[in-house]
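A.B. asks: just the structure for this:
(one chain, ligands or ions: 2)
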Amino acid sequence: MVTTASDPVSVARRFQDKLWRHRMLPMVQKMFTALQCRYQDKQSLQQWRKIRNMVHWSPFLQCFKKKYPWVQLAGHAGNFKAGEGGTILKKHCNREAKCLKKLMGDLLRSYVPEYKGDVERDGEKFMEMEDLLGDFDTPAVMDCKMGVRTYLEDELVKARSNPKLRKDMYQKMIEIDPTEPTKEENAAKAVTKPRYMVWRESISSTSTLGFRIEGIKKSDGQSSRDYKMTKTKEQVAEAFKFFTDGNQSLQKKYVQKLMALRATLENSTFFQSHEVIGSSLLFVHDKEGSHVGVSLIDFGKTMSMPEGQKLDHRLAWKEGNREDGYLCGLDNMIAVFNTLAECEEQNLAEEF
Ligand SMILES: O=P(O)(O)O[C@H]1[C@H](O)[C@@H](OP(=O)(O)O)[C@H](OP(=O)(O)O)[C@@H](OP(=O)(O)O)[C@H]1O
Ligand SMILES: Nc1ncnc2c1ncn2[C@@H]1O[C@H](COP(=O)(O)OP(=O)(O)O)[C@@H](O)[C@H]1O
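C.D. replies: Ligands and ions are numbered 1, 2, ... in the order given. Reported below is the predicted structural model:
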């Protein structure tokens, strides 16, 4: 197309150029000078590096708010969206929504994210709930999956009658241990879900301690989801130490929180009447270790027991009794945190 100096396209272009040179460019130049000054001293430079590392290394890092980068430590990618006014939206799941509703009227209420009901976004249904990181500046977060078992009895029954082979789970398995699959599994390049889940339980602390670490993100941005083979008490203690930066008073605070949670669980009607599978405890503290929280999340595989039947949560699981070993896990977790805090105390005493 041929244009003349006075045609509308040329006029618009000249106007754009003028706007850029006289208004935008000076503003951008000013911003650059200000940034340069800000990051000139050593301390600021270190701050900047921390921010940059955090962005590079954080698992599923999403910026929901300006105050802190929201972090999803475990679970399914793409399951969450930012809500309004300090809430998050999780993809709707009937079973979980039902549990959250019940929990709002249970003794456990203060230990679960406040459930605000269901909302629709872009034609999809979500559960709106409190963002447990909302009250924290630069929070440190840890997700621990509770229980000796991570699959429902129902899933086991279904897998037996209709075994589905999962290529994705075979891939995840050989990434950790290429020698684990059987000849048949190697030939099919697939495993069943219960086979994968039981194996994951056996290589981590789930089967022995009744909980496992899924992920950790610290206030300084360091984070890891590399806990799949963290199995012994010593390995777990090491990870807890990393999470708490060896801060003994913080470890003691967590022991207190966990003990209070255990007392509440033991008296909760909801807990007594539900098989709690694949649910996590979300640990959160601020940079100084003064503000501390422990909450229950993820009720996607929490099933109510038939009317009148109660679970003990400490009895050994035998197929059919639906026991989940949740409280065994909590007992062990408290013991590990306690021993860790005592060791730190001894170390401190030895230093003086
Ligand atoms: O942690 P890795 O080894 O990746 O294995 C995952 C977790 O166990 C998930 O549990 P969670 O959501 O509690 O983290 C589970 O989802 P379910 O809870 O739906 O069983 C996934 O099953 P699939 O979604 O079937 O892939 C399974 O692949
Ligand atoms: N209410 C919440 N507040 C803050 N973070 C949360 C909340 N719920 C979940 N998360 C984050 O998302 C991750 C996955 O949550 P989860 O409910 O287990 O998802 P999924 O059902 O996909 O497994 C957790 O590890 C945690 O980091």
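A.B. asks: what residues sit buried inside the lengthiest helix in the chain?
C.D. replies: In the chain, assigned by DSSP state H, the helix with the most residues is helix 326-351. Across helix 326-351, burial judged by 16 or more other CB atoms under 10 Å covers 326-334, 336-338, 340-341, 344. Where you see a C-beta, it was placed from the backbone N, CA and C, and this is true even at glycine.
A.B. asks: helices and strands around that helix, which ones?
C.D. replies: The contact analysis (3 or more CB pairs under 8 Å, 6 or more residues apart in numbering; DSSP states H and E) places helix 326-351 against strand 140-146, helix 206-209, strand 211-217, helix 233-244, helix 248-267.
A.B. asks: can you tell if that helix touches ligand 1?
C.D. replies: No. If you take CB under 6 Å from any ligand atom as the test, helix 326-351 misses ligand 1, and the best it gets is 13.9 Å.
A.B. asks: quick one: least confident of the buried residues of helix 326-351?
C.D. replies: The lowest pLDDT within the buried residues of helix 326-351 belongs to residue 344, with 75.
A.B. asks: and the strands in this structure?
C.D. replies: If DSSP state E is used as the criterion, the strands of the chain fall at 61-62, 70-71, 80-82, 87-91, 115-121, 124-130, 140-146, 211-217, 223-224, 274-277, 280-285, 292-297, 301-304.
A.B. asks: mean pLDDT lowest for which of these?
C.D. replies: strand 61-62 (a mean of 50).
A.B. asks: re the thing from before, closest one to residue 174 among the strands of the chain?
C.D. replies: strand 211-217 (20.2 Å; CB to CB).
A.B. asks: could I get the strands of the chain in TSV, plus columns for distance to residue 259 and mean neighbour count?
C.D. replies: Shown next, in TSV, are these (distance: least, CB to CB, whole Å; neighbours: other CB atoms under 10 Å):
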stretch	distance to residue 259	mean neighbour count
strand 61-62	32	15
strand 70-71	27	20
strand 80-82	30	17
strand 87-91	28	21
strand 115-121	25	14
strand 124-130	23	19
strand 140-146	15	24
strand 211-217	15	25
strand 223-224	27	20
strand 274-277	19	24
strand 280-285	13	23
strand 292-297	10	19
strand 301-304	23	19
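A.B. asks: setting aside sequence neighbours, what's the nearest residue to residue 224?
C.D. replies: Leaving out its chain neighbours, the residue that sits closest to residue 224 by CB to CB, 6 or more residues apart in numbering is residue 216, at 5.7 Å.
A.B. asks: try residue 257
C.D. replies: residue 294 (4.6 Å).
A.B. asks: what does the stretch 1-150 of the chain put close to ligand 1?
C.D. replies: So far as CB under 6 Å from any ligand atom goes, the stretch 1-150 of the chain lies against ligand 1 at 74, 75, 76, 150.
A.B. asks: how many other residues sit next to the first one?
C.D. replies: The tally of other residues near residue 74 (other CB atoms under 10 Å) stands at 19.
A.B. asks: relative to residue 150, how far out is it?
C.D. replies: 12 Å (CB to CB, to the nearest Å).
A.B. asks: circling back to that earlier point, can you lay out the helices and strands packed on helix 326-351 as TSV showing distance to residue 155?
C.D. replies: Formatted as TSV, these follow (distance: least, CB to CB, whole Å):
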stretch	distance to residue 155
strand 140-146	16
helix 206-209	15
strand 211-217	18
helix 233-244	26
helix 248-267	24
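A.B. asks: if I look at the residue lying closest to residue 319 once chain neighbours are set aside, what pLDDT would I see?
C.D. replies: Leaving out its chain neighbours, the residue that sits closest to residue 319 by CB to CB, 6+ apart is residue 153, at 6.5 Å. With respect to pLDDT, residue 153 scores 90.
A.B. asks: in contact with residue 153: list those residues for me.
C.D. replies: 275, 319, 320, 322 (CB atoms under 8 Å, 6 or more residues apart in numbering).
A.B. asks: show me the contacts for residue 333.
C.D. replies: Here residue 333 is in contact with 144, 209, 211, 258, 281 (criterion: CB under 8 Å, 6+ apart).
A.B. asks: ok, the residue in the stretch 51-200 of the chain positioned nearest to ligand 2 - how many residues close by?
C.D. replies: Nearest residue of the stretch 51-200 of the chain to ligand 2: residue 75, at 2.5 Å (CB to the nearest ligand atom). Residues contacting residue 75 under the criterion other CB under 10 Å number 19.
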